[in-house]
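S.K.: Generate a structure from the sequence data that follows.
(2 chains)
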Amino acid sequence: MLDIKLIRENPDTVRADLIKRGEIEKLKWIDEILELDKRWRENLKKINTLRRDRNRIAVEIGRRKKAGKDVGDLLTRSREIAGQIEALEKEIEEIRKKIDYYLWRLPNITHESVPIGKDDTENVPIRFWGKARVWEGFLETFREQSLGKMDYEVLSWRPKIHVDMLELLKGADLERAAKVSGSRFYYLMNELVILDLALLRFALDKLVEKGFTPVVPPYMVRRFVEEGVTSFGDFEDVIYKVEGEDLYLIPTSEHPLAGMHANEILDGSELPLLYAGISPCFRKEAGTAGKDTKGIFRVHQFHKVEQFVYSRPEESWEWHERIIANAEELFQELEIPYRVVNICTGDLGYVAAKKYDIEAWMAGQGKFREVVSASNCTEWQARRLNIRFRDKTHEKPRFVHTLNSTAIATSRAIVAILENFQTEEGVVKLPKVLWKYTGFKEILPASMKEKCCQE
RNA sequence: GCCGCGGUAGCCUAGCCUGGUAGGGCGCCGGCCUGCUAAGCCGGUGGGCGUGGUCCCUCAGGGGUUCAAAUCCCCUCCGCGGCGCCA
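M.R.: Numbers count the residues shown, from 1 in each chain, chains lettered A, B, ... in the order given. Predicted coordinates:
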């Protein structure tokens, strides 16, 4: 949420950013807010004067009653004033509601480095890492997607897409999951279960080493938390509601971690607060019909380790670079080739002031696909959730900045591993860094072994 | 789920029965005093607005009664204790 003072004092800054975002139809909101705010302040002044009069009369009544004097005339005046106040309060409340409606629906102000673009095709790749394995049939598209800036090794055989690998390894049962729960659900099975847990522990250990506090948060949160962390559009598209309760299934542990310090004034010496959330994530994926319908890339439920940072405003941009660097470090140790993209205005969403994605090279699909998203939400969430800090108790509290980034979302990391680490025979050679967590170094096709999870 | 007791400023607490407009302490900031420190004393310490005004709002949140509500009544949320149920 934006500060109404920013709109009041620098409306052109806000307008310019709406234009940058291509939110032209919201420009007239700014004019309306300014007009409503003016009326609100005028009414507030009137109400305050009337309240002052009422308060003085009430005190006088008390005094006279004590002295045993008559208060009839004061009662009449007081009732009169009460009526006026009531009418004005009704009016000001309606104005307030309208202002709030707009304020709660305006996007965050973008960072100057955010590129302008209409949708995800205009995100800007800013760096590349690793040596991609590229089937000769994908060479052209790979060179285009990597801008010729990435190392690669040519494969004469075509790697399988993860969906086929799942079948070969008996790593998931998608048909039965569809029977039981519908599409975009899965029974994860055999070695992939161990791999899922290994990835989580690997990511968690790394973050703990970097000073993050591990947290298993509540998997359901109240509405005020979701309203605080996300834009209203996301409610219908991504968030599951629990029927008959004021509870929502979390689409990411970012949400309960952001709500954790709602309505608090933090001690400046505690900042930055670093949390490593670990939880399942539930997403409706409405509006994605037809996309990634097979496999486990886009699903209603997955596990994720998340970085969440509460920082001082002046340090948040530095922390944004650090959390993306942490995520990159994880993918480097996993030896998964990737590129980092700077998300453009059209793909940014309302919450973040700037966002980086890590897109892993998927050797089977011949594409870079999103595996990590790292956002600086500046004070947009903190203002909605009322999360402030101060260094000395006499100081005026300031809003913190909140940042979040995927460390590892297991479903997508598994897809990257299955597509990039397979041999021509369909054996998946796991990255070394996971061996101590899995207890096995490779996953054989079901036809090549007697039982699961052998050394 | 049921019963009881609670929720007051960054923290601790008084006030609630008996309605009269939130008092004290800790911490922090500033000032006075002092060779320096401590102690002591004075002022400040949530939000708002035309921001210095003997202004308004704020006692978990919402509603009601009243000229007037922290205080009385109702609802919701949270915490603690007990009982019940349960992995």
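S.K.: Using the record, which stretches count as separate domains in chain A?
M.R.: A:4-103, A:120-448 (automatic domain parsing).
S.K.: ranking those by burial, who's on top?
M.R.: Mean neighbour count (mean count of other CB atoms under 10 Å) peaks for domain A:120-448 among the domains of chain A, with a mean of 19. Placement of C-beta: from N, CA and C, glycine included.
S.K.: can you give me the end-to-end distance of that domain?
M.R.: Terminal residues of domain A:120-448 are spaced 41 Å apart (CA to CA, to the nearest Å).
S.K.: Please apply the same query to stretch A:335-347.
M.R.: 28 Å.
S.K.: same deal with stretch A:282-293?
M.R.: 17 Å.
S.K.: repeat for stretch A:284-304
M.R.: By CA to CA, one end of stretch A:284-304 lies 16 Å from the other end.
S.K.: Which pLDDT does the model give the residue in the stretch 1-150 of chain A that RNA strand B sits nearest to?
M.R.: For the stretch 1-150 of chain A and RNA strand B, the shortest gap (CB to the nearest atom of the strand) falls at A:Ala58, measuring 2.7 Å. Note for A:Ala58: predicted pLDDT of 84.
S.K.: ok, for it, nearest residue in space, not its chain neighbours?
M.R.: Counting by CB to CB, 6 or more residues apart in numbering, A:Ser78 is the residue found nearest to A:Ala58 once chain neighbours are left out, at 6.9 Å.
S.K.: do the same with A:Met362
M.R.: Spatially, and ignoring its direct neighbours in sequence, A:Met362 is nearest to A:Glu419 (4.6 Å; CB to CB, 6+ apart).
S.K.: roughly how far apart are that neighbour and A:Arg398?
M.R.: Relative to A:Arg398, A:Glu419 is positioned 46 Å away (CB to CB, to the nearest Å).
S.K.: my guess is A:Leu197 meets A:Leu434, correct?
M.R.: No: the criterion here is CB atoms under 8 Å, and A:Leu197 misses it with A:Leu434 at 10.5 Å.
S.K.: Just give me how far stretch A:134-142 sits from the chain centre.
M.R.: 33 Å (CA atoms, centre = their mean, to the nearest Å).
S.K.: now swap in stretch A:270-285 and tell me
M.R.: 9 Å.
S.K.: Three-state assignment for A:Asp292, please.
M.R.: State at A:Asp292, reduced to three classes by DSSP: H, G, I helix; E, B strand; the rest coil: coil.
S.K.: who's in contact with it?
M.R.: A:Arg298 (CB atoms under 8 Å, 6 or more residues apart in numbering).
S.K.: Quick one: list the elements packing against the helix or strand containing the residue of the stretch 1-150 of chain A closest to RNA strand B.
M.R.: For A:Ala58, the element it lies in under DSSP states H and E is helix A:27-67. Contacts defined by 3 or more CB pairs under 8 Å, 6 or more residues apart in numbering; DSSP states H and E place helix A:27-67 against helix A:4-9, helix A:11-21, helix A:72-103.
S.K.: Where among these is average confidence lowest?
M.R.: Going by mean pLDDT, the lowest-scoring of these is helix A:72-103, which has a mean of 85.
S.K.: can that helix be found next to RNA strand B?
M.R.: Yes: Helix A:72-103 comes into contact with RNA strand B (CB under 7 Å from any atom of the strand), by way of A:Leu75, A:Ser78, A:Arg79, A:Ala82.
S.K.: distance between stretch A:171-189 and the chain's centre?
M.R.: On the basis of CA atoms, centre = their mean, stretch A:171-189 sits 26 Å off its chain's mean C-alpha point.
S.K.: What residue, apart from its backbone neighbours, is nearest A:Asp70 spatially?
M.R.: Of all residues not flanking A:Asp70 in the chain, A:Arg64 sits nearest, at 7.3 Å (CB to CB, 6+ apart).
S.K.: how close does the one you found get to A:Asp73?
M.R.: Taken as CB to CB, the span from A:Arg64 to A:Asp73 is 10 Å.
S.K.: OK, contacts around A:Ser146?
M.R.: A:Ser146 touches A:Pro125, A:Phe128, A:Ala132, A:Tyr152, A:Arg339, A:Phe368, counting by CB under 8 Å, 6+ apart.
S.K.: Reformat the residues you listed as CSV; add secondary structure, pLDDT and distance to RNA strand B.
M.R.: Below are the contacts of A:Ser146 laid out as CSV (DSSP: H, G, I helix; E, B strand; the rest coil; pLDDT from 0 to 100; distance: CB to the nearest atom of the strand, whole Å):
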residue, secondary structure, pLDDT, distance to RNA strand B
A:Pro125, strand, 96, 41
A:Phe128, strand, 96, 46
A:Ala132, strand, 96, 46
A:Tyr152, strand, 96, 50
A:Arg339, strand, 96, 43
A:Phe368, strand, 96, 43
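S.K.: now those residues in TSV, with distance to A:Asp357?
M.R.: Formatted as TSV, those follow (distance: CB to CB, whole Å):
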residue	distance to A:Asp357
A:Pro125	10
A:Phe128	13
A:Ala132	17
A:Tyr152	21
A:Arg339	9
A:Phe368	9
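S.K.: Looking at those residues, which one is closest to A:Leu169?
M.R.: A:Leu169 has its nearest neighbour among those in A:Ala132, at 22.2 Å by CB to CB.
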